[in-house]
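> sequence? don't have it. structure:
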């Protein structure tokens, strides 16, 4: 949620300033200037018709009617401009809600969307802005439920579960975009490296049974990052799962040496164990929430 906090503050500030401006801008009735203008034009109209017809009242009534019509048109224009500005603030709030939705409980996100829809249906600018402030206030105060744990697994099992989850996520989401996802969506260098690893493994130990593993099992954390952060892959599918590119990139980079140590049966320091388990929990929680 920290990534959208500046945007939330900006929307709340804009809505508050717009409400203040509305409270100091008269939308109804006549201002002193309008009253004076109406009286002057009334007298002028009366004088003109008095010179022609010998009387004053009809000209004064006509002039006042014209001023009144003009005032109503100006008020209607101000109301429309104010509503358009309020809808612009609302649209920014909607973008923030959509950006945060992968981190929100489904019902809560739907509730925020309904609140914005109600705001958009309002005719008065101040009503729109107040409802936007209600939605942004709720979003800012949101506390996500505690993440599901990795069921207390020790770090080797947590690592294996994390890799299985990442591979499953990559394969499932990319195959939804194209059946030939391995060729179409995996960067060429990454794909060729995995194919070489598979070929070398099967050439060195051709007598071992069960050696025909899928190509995706020959990928590591740097490879997962290259696939996930490939621009069209990220934009079209993975941004919905992981949201924050910088956070995920750091986690995958820090996990790679830990994975190497575990693969070579090196004992991890307690701090590294905790980091691995925490990162595994964070990433798997994001994957499970979009499975």
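Thanks, I have it. What you see is a predicted model; the values in this text were computed from it and never measured. Numbers count the residues shown, from 1 in each chain.
> Number of residues surrounding residue 125?
By the other Cβ atoms under 10 Å criterion, the neighbourhood of residue 125 contains 24 residues. All C-beta atoms are positioned from the backbone trio N, CA, C, and that covers glycine.
> Work out for me the element the most centrally placed residue in the chain sits within.
When Cα atoms, centre = their mean is applied to the chain, the residue found nearest the centroid is residue 99 (1.3 Å). In the assignment (DSSP states H and E), residue 99 maps to helix 57-100.
> Report the mean per-residue pLDDT for that helix.
pLDDT averaged over helix 57-100 equals 79, rounded to a whole number.
> so what secondary structure elements neighbour that helix?
Using 3 or more Cβ pairs under 8 Å, 6 or more residues apart in numbering; DSSP states H and E as the contact criterion, the secondary-structure elements in contact with helix 57-100 are helix 5-24, helix 32-53, helix 106-121, helix 125-140.
> where among these is the average confidence lowest?
The stretch with the lowest average pLDDT out of these is helix 32-53, scoring a mean of 50.
> Most tightly packed of the helices and strands packed on helix 57-100?
Looking across these with neighbours counted as mean count of other Cβ atoms under 10 Å, the highest average goes to helix 125-140: a mean of 20.
> what's whichever helix or strand residue 257 is part of in contact with?
Here residue 257 is covered by helix 245-263, with elements defined by DSSP H and E. Contact partners of helix 245-263, identified using Cβ atoms under 8 Å, 6 or more residues apart in numbering, comprise 155-156, 159, 162-163, 220-222, 224-225, 228-229, 234, 239, 242, 268, 272, 275-276, 279, 282-283.
> Nearest spatial neighbour of the residue nearest to the centre of the chain, chain-adjacent residues omitted?
For residue 99, ignoring the flanking residues on the chain, the nearest one in space by Cβ to Cβ, 6 or more residues apart in numbering is residue 4 at 5.6 Å.
> Quick one, grab the pLDDT at the nearest residue to residue 104 once chain neighbours are set aside.
In space, and not counting its chain neighbours, residue 104 is closest to residue 142: 6.6 Å by Cβ to Cβ, 6+ apart. The model reports residue 142 with a pLDDT of 85.
> Let's verify residue 142: helix, strand, or coil?
For residue 142, the assignment made with DSSP: H, G, I helix; E, B strand; the rest coil gives coil.
> That one and residue 105, how far apart?
If you measure residue 142 against residue 105 using Cβ to Cβ, to the nearest Å, the figure is 9 Å.
> swap in residue 139?
12 Å.
> what do you get for residue 73?
Summarising the geometry, the distance separating residue 73 from residue 105, computed by Cβ to Cβ, is 47 Å.
> wait, the residue nearest to residue 104 sits on residue 108?
Yes - taking Cβ atoms under 8 Å as the contact criterion, residue 142 and residue 108 are neighbours in contact, 6.7 Å apart.
> just checking, what packs against the helix or strand hosting residue 176?
If you go by DSSP H and E, residue 176 is part of helix 155-177. With contacts taken as 3+ Cβ pairs under 8 Å, 6+ apart, helix 155-177 sits against helix 181-185, helix 221-229, helix 245-263, helix 270-288.
> Cool, thanks, talk later.
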